[in-house]
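# could you look at this predicted model? Sequence included:
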Amino acid sequence: MSLDAPSDSRSSGPVFFHRLELHAILRLYGRMVAAGEWRDYSVGGSDDSAAFAVFKRSGDAPLYTIEKRPELQRRQGQWAVLGQGGLILKRGRELDQVLRFFDRRRFSVIE
């Protein structure tokens with residue numbers, strides 16, 4: 001199942017998240033808040049990208065940024081998870097595929 005809404009890379013104006021995209025991101029955010037991992041977020045849009053940044057504490061730099069860049073859809077994929085410092089941790093064409101990056105953090109080794 002793809003959560004991505006159809007996009008036209010030639011459209012002008014700011015890039016925003018569609019309702020289904022934002023719903024999937026906020027569902028992940030709620031799960032991580034309940035686990036005590038995240039506490040705050042910010043949403044931003046510009047002419048070429050939209051970003052959802054999550055924070056451990058309000059005054060800190062973002063832990064992760066979920067970014068949408070429609071112009072990269074046909075090349076690398078329009079979705080990316082960026083770590084601190086802008087390092088690309090996961091990139092893909094579909095949002096649900098990229099958000100699976102956070103699922104691998106659920107399991108930890110218990111000694």
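In hand now; what should we look at?
# shaky segments in this structure?
1-13, 104-111 (pLDDT under 70).
# paired strands for the one helix or strand V43 maps to, with orientation please.
Using DSSP states H and E, V43 maps to strand 40-45. When pairs are called by DSSP bridges, strand 40-45 turns out to pair with strand 50-55 (antiparallel).
# toward the C-terminus, what is the element adjacent to the partner strand?
Once the chain leaves strand 50-55, the next helix or strand it forms, by DSSP H and E, is strand 64-68.
# circling back: could you give the angle of the strand holding V43 to strand 64-68?
The directions of strand 40-45 and strand 64-68 differ by 20 degrees, with axes from the mean of the first three to the mean of the last three CA atoms, to 10 degrees as the criterion.
# which residues sit against strand 40-45?
If you take CB atoms under 8 Å, 6 or more residues apart in numbering as the criterion, strand 40-45 is touched by 14-17, 29, 50-55, 57-58, 62. Every residue, glycine included, has its C-beta placed from N, CA and C.
# mind listing what's buried in it?
For strand 40-45, the neighbour count (16 or more other CB atoms under 10 Å) marks Y41 as buried.
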